[in-house]
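Q: any chance you could fold what I've pasted below:
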Amino acid sequence: MNIRTGLETFLENAPSWVKGRRLGLLCNQASVDPSLRHSKNLIFSMLPGHLKCLFSPQHGLYAEKQDNMKESPDDFDPSLNIPVLSLYGKDREPSSGQLSKIDLLVVDLQDIGCRVYTFIWTLYLAIKACAKAGVGVVVLDRPNPLGGELIEGNLLAQDCQSFVGLAPLPMRHGMTIGEIALFFMEDQDLDLELHVVKMQGWRREMDFAATGLPWIWPSPNMPTLDTAKVYPGQVVWEGTNVSEGRGTTRPFEIFGAPFLDPDALRKEAEKWKLPGFVLREQSFEPTLHKWSGKRCRGFQIHVTHRLKYRPYITTLAILAAVKRMHPKDFAWKDPPYEYEFERLPADLIIGDKRVREAVDAGTDPMDIQSIWAKDLKDFEKARPTWLLYP
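A: Take a look at the predicted model:
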């Protein structure tokens, strides 16, 4: 497929509104063109003297920080001779002083299509700061790796807001980062100069594999497209004492714990007849994080049909079964999580306490979906307002 990202479209012919203006670029190591050339170098060459600084999201400019709550300091790019300003260090948003040195913030980040992934919340905080400072924002659009048709899960409840959720999106939102920016602008009623540089050739039914673009891991624990497919469900394990596979070569695809009984769990999972995946038994020893150096028994999720597979309800159902089968061993993880020191990590990740409480109450996993059914339907009706692609 001949898919052109927003970066390529932008480079092909610099829009009139960018000329003569001072630029900042929010990017990381996945901000590349199909030839793997980095956007910072391409924009610097195309507009000599215009690029004044770089901003980096969680994990750093080159995704060198492995875990959550590992801050990146400000840095310097010696090849471009400009500063690199961390938005996951002492600050989560650009300061007024930083923004006073630019006229436009260009955003070129690869999102992965899930509410919990923090890059969209860095965007959210950045565009709010830019609106306040009178700085324009340019989003160079990229594909949603999961495609742009399916949405799933509960919307974020206001009392569960955190850095893994600051606006009412469902767990799997089915939008590109450019469409998300349009949603944020309307949701927050921002007075903002916003330009979304669209992709060419992308259609909503395409997942990342269909684009022909190279996959560059946008964060250390998102190594492959297979990881992204399961993440909107498997990320929920982060709020428990069950390993989500951090510290292995297949984070989020595999999960388990020393106390887990794979045979019994497989029999339980087969009762729900959830489609689109196979659970393959897998033992593993994480090299870091939960159960480091301990043998965990569990599974790897293999997605066999991406359009039928529903990652969120699948993982919630498996989690509910683990909690029911191992009541003395299973536990919700205690804070902190993403700099929240009081609320349960699971509530912040799931985004609605009612879902976690339903699991605690032993509600049939298939009935849990009724908690979000109406809200999700309302969101689906409103969503076309922000969509840019057929």
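
Q: gap between Ile120 and Asp111?
A: According to CB to CB, to the nearest Å, Ile120 and Asp111 sit 6 Å apart. No exception for glycine: its C-beta is placed from N, CA and C like everyone else's.

Q: wait, I meant Thr287
A: 28 Å.

Q: same check on Val230?
A: According to CB to CB, Val230 stands 16 Å off from Asp111.

Q: and if you look at Glu152?
A: The gap separating Glu152 from Asp111 is 16 Å, by CB to CB.

Q: also Ala228?
A: 10 Å.

Q: count residues in the vicinity of the closest residue to Leu7 other than its chain neighbours, would you?
A: Computed as CB to CB, 6 or more residues apart in numbering, the closest residue to Leu7 that is not its neighbour in sequence is Leu140, at 4.6 Å. By the measure other CB atoms under 10 Å, the count of residues near Leu140 is 28.

Q: comparing Glu152 and Asp111, which residue is more hemmed in?
A: Neighbours were counted for Glu152 and for Asp111 using other CB under 10 Å; Asp111 has more, 25 against 21.

Q: just the element for the more buried one, please.
A: Assessed by DSSP states H and E, Asp111 sits outside every helix and strand.

Q: that one touches Gly178, doesn't it?
A: No - contact criterion CB atoms under 8 Å: Asp111 and Gly178 do not qualify, at 9.7 Å.

Q: who touches both of these two?
A: Shared contacts of Asp111 and Gly178 (CB atoms under 8 Å, 6 or more residues apart in numbering): none.

Q: for Val164, see how far away the closest residue to Ile216 other than its chain neighbours is.
A: Counting by CB to CB, 6+ apart, Ile216 lies nearest to Ala30, which is 4.0 Å off, once chain neighbours are set aside. To Val164, Ala30 is 19 Å away according to CB to CB.

Q: what's the closest non-adjacent residue to the residue most central in space within the chain?
A: For the chain, the residue nearest the mean C-alpha position is Tyr117 (2.3 Å; CA atoms, centre = their mean). Nearest residue to Tyr117, sequence neighbours excluded (CB to CB, 6+ apart): Asp111, at 6.3 Å.

Q: residue contacts, the one you found?
A: Asp111 neighbours (CB under 8 Å, 6+ apart): Tyr117, Phe119, Ile120, Arg142, Asn144, Thr176, Ile177, Ile180, Pro218.

Q: the fourth one - how many residues pack around it?
A: So the one you mean is Arg142. Arg142, neighbours per other CB under 10 Å, totals 26.

Q: over to it: give its phi and psi.
A: phi -130, psi 160 (degrees, to the nearest 10).

Q: sorry, back to before: now the residue nearest to Leu7: phi and psi?
A: phi -90, psi 110.

Q: that one and Val32, how far apart?
A: 11 Å.

Q: now the helices for the chain?
A: Taking DSSP state H as the criterion, the chain carries its helices at 6-12, 39-46, 96-99, 119-133, 177-187, 208-211, 225-234, 262-272, 311-325, 345-350, 353-360, 365-368, 373-382.

Q: helices or strands up against the last one?
A: Of the remaining helices and strands, those touching helix 373-382 by 3 or more CB pairs under 8 Å, 6 or more residues apart in numbering; DSSP states H and E are strand 152-155.

Q: put the alpha carbons of the strand it packs on into PDB.
A: Extracted C-alpha coordinates of strand 152-155, given in PDB (Å, rounded to 0.1, in the frame of the first residue of the first chain):
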ATOM      1  CA  GLU A 152     -14.300  -0.900  22.900                       C
ATOM      2  CA  GLY A 153     -14.700  -0.400  26.600                       C
ATOM      3  CA  ASN A 154     -15.900   2.100  29.100                       C
ATOM      4  CA  LEU A 155     -15.300   5.800  28.800                       C
END
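
Q: how much space between the residue nearest to Arg246 when sequence neighbours are not counted and Leu344?
A: Closest residue in space to Arg246, ignoring its immediate chain neighbours: His289 at 4.1 Å, by CB to CB, 6+ apart. Per CB to CB, His289 is found 18 Å from Leu344.
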